[in-house]
Structures are given as structure tokens and as C-alpha cells.
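**Q** I would like to see how this sequence folds:
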Amino acid sequence: MMANLFSSFDPTTNFKLSLNWMSVLLGLLVIPPMYWMIPSRISLLWITVISTLHKEFKILLGSNKTQGSTLIFISLFSFILFNNFLGLFPYIFTSTSHMALTLTLALPLWLSFMIYGWINNTIHMFAHLVPQGTPPVLMPFMVCIETISNVIRPGTLAVRLSANMIAGHLLMTLLGNTGPMLSMIMVNFLIITQILLLILESAVSIIQSYVFAVLSTLYSSEVN
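**A** Down below sits the predicted model:
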């Protein structure tokens, strides 16, 4: 049963091809009317969200030398948010529930921060390995701990996003598979539960995309 359950998240389930990954590009069908036609309530709402994120990311970066860098993290937030919401629709592949996509987003971003930091701010990067006020005896251990915590950052970013996205989908799939075996009264309770889970997953989609973007911003602010 578990093999069949997890096969619903397999990119090669349909037609033995990876056509499911085309769901990542479905946003291109929605973007043109949103940005190029007469402003609507949706576009005005999205502009408000982007402006709020820009102000918050600007505070987190805390440097006047990084003008325009908030656009990177706003674009990252928008991309993850859209793919998270697409996964809530029936028969649409949830791309952000796979490490192949989340690690592809996190690893190059973290690697670029590290290369930039160690080339331009070497002393600053070394100072981050030993927190202020650390006793001399504990300094070697703190260097090892800080190095390990720095290296696993892209992995934690990727696993956090994919695990949170796949957990709710698995729960909804498990509950949905029990529907044919239940009575009419229990089916009504099941439908209400599924609706509540769908609302919860919508909130998780927003929160996880926001957390991914904020943590990426914080990681970038450490190398300046």
C-alpha cells in the first residue's frame, strides 16, 4: 500500500514520462493577464504583497550596497508559493514536494553566498565561526559545530520545504482512500475534514514559501 501511496508523488507515474514537471511552467499561462492587462484586484493585492516583502527583506539585508537584491528573494517567494498552490489542485503534480526541485533552489543560492562571502569578506566569515564570548578552550569545538551547521543549511532548506509539502498531501491521500469504505454519515465528516485540511495546506503553502525566502535572506545578510 505504501508503494502505491508514494507513487502518487512519482514524476514518472503518468505515461511513464516526466511530464508532471511541466506543472512548474504552468504559471506562465497566468502571469500575462495579471501583469499586462488592466489592473485588477488580484494584481493590486499582489503588488501590496510584493511591496511589503520588499520592505521586510530590505530590513533583513540591512545594507545599502545590496540595492535590488530583494527582487531575487521576492521572485523566489513567488515561484515557491505558486508551485505550492498548484499542488493543491487535483491531478496536478506537486513539484515542491521533491528534493530535486527544492535542493536545486537552495544549493546554488547557498553556494553563491559562500563563494561571495569567502572571497570578499574572508575575515568576517572566519569571525562567524567563533561566536563572541566563546572561551578559548571551546573554540575548536565551536568552529566544528558552526562549520557543520553552515554546510547543512541548503539541506535543511530543501528538506523543510519538501517534507512540509508532502506531509499534508499524504494525509489527504490517506483519508481520501478510506472514503469508499465509509458510511454516508462518515463520508460527510470526511469531506469536512478534507476541506479543513485543504485550508491548512493553503496556509502551509504560504508559510513555507515565506520561511524559505526569509531564511535565504538571512543567510545572504551574514556574508555582507
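**Q** looking only at pLDDT, what's the mean for the lengthiest helix in the chain?
**A** Longest helix in the chain, counting residues (DSSP state H): helix 184-221. Mean per-residue pLDDT for helix 184-221: 89.
**Q** Who are the packing partners of that helix?
**A** helix 41-61, helix 70-86, helix 99-120, helix 153-177 (3 or more C-beta pairs under 8 Å, 6 or more residues apart in numbering; DSSP states H and E). Where C-beta positions appear, they are placed from N, C-alpha and C, glycine not excepted.
**Q** Give the buried residues for it.
**A** 197, 201, 204-205, 208-209, 211-217, 219-221 (16 or more other C-beta atoms under 10 Å).
**Q** again with stretch 42-60
**A** 50, 53, 56, 57, 58.
**Q** Chain neighbours aside, what residue packs nearest to the third one?
**A** It stands for residue 56. Nearest residue to residue 56 in three dimensions, chain neighbours excluded: residue 214, at 7.9 Å (C-beta to C-beta, 6 or more residues apart in numbering).
**Q** Give me the neighbour count for the closest residue to residue 213 other than its chain neighbours.
**A** The spatial neighbour of residue 213 that comes closest, neighbours along the chain excluded (C-beta to C-beta, 6+ apart), is residue 77 at 3.9 Å. Neighbours of residue 77 under the rule other C-beta atoms under 10 Å: 23.
**Q** thinking residue 77 is in contact with residue 215, fair?
**A** No - at 11.2 Å, residue 77 does not count as touching residue 215 under the criterion of C-beta atoms under 8 Å.
**Q** Show the low-confidence segments of this structure, by residue range.
**A** Low-confidence segments of the chain, defined by pLDDT under 70, span residues 1-19, 31-37, 63-67.
**Q** most centrally placed residue in it?
**A** residue 209 (4.1 Å; C-alpha atoms, centre = their mean).
**Q** Tell me who's in contact with it.
**A** Counting by C-beta atoms under 8 Å, 6 or more residues apart in numbering, residue 209 makes contact with 77, 80, 81, 84.
**Q** Over to residue 130?
**A** By C-beta under 8 Å, 6+ apart, the neighbours of residue 130 are 139, 142, 143, 146.
**Q** How much space separates it from residue 151?
**A** Residue 130 is 16 Å from residue 151, where distance means C-beta to C-beta, to the nearest Å.
**Q** Ok, residue 134 next?
**A** 19 Å.
**Q** what's the answer for residue 86, then?
**A** On the measure of C-beta to C-beta, residue 86 and residue 151 end up 32 Å apart.
**Q** again with residue 199
**A** 37 Å.
**Q** now residue 21
**A** 28 Å.
**Q** Which one's more surrounded, those two?
**A** Remark: of residue 21 and residue 151, residue 21 carries more neighbours, 15 against 11, as counted by other C-beta under 10 Å.
**Q** For that one, give me phi and psi.
**A** phi -70, psi -10 (degrees, to the nearest 10).
**Q** Could you verify my assumption that it touches residue 95?
**A** Yes - at 6.4 Å, residue 21 counts as touching residue 95 under the criterion of C-beta under 8 Å.
**Q** ok, residue 201 - contacts?
**A** 88, 168, 169, 172.
**Q** from these, which single one is nearest residue 68?
**A** residue 88 (32.0 Å; C-beta to C-beta).
**Q** Is it correct that the closest one is in contact with residue 206?
**A** No - using C-beta under 8 Å, residue 88 is not in contact with residue 206; the gap is 11.4 Å.
**Q** Distance-wise, check the residue lying closest to residue 26 once chain neighbours are set aside relative to residue 106.
**A** Nearest residue to residue 26, sequence neighbours excluded (C-beta to C-beta, 6+ apart): residue 86, at 6.1 Å. Here the criterion is C-beta to C-beta. By it, residue 86 lies 20 Å from residue 106.
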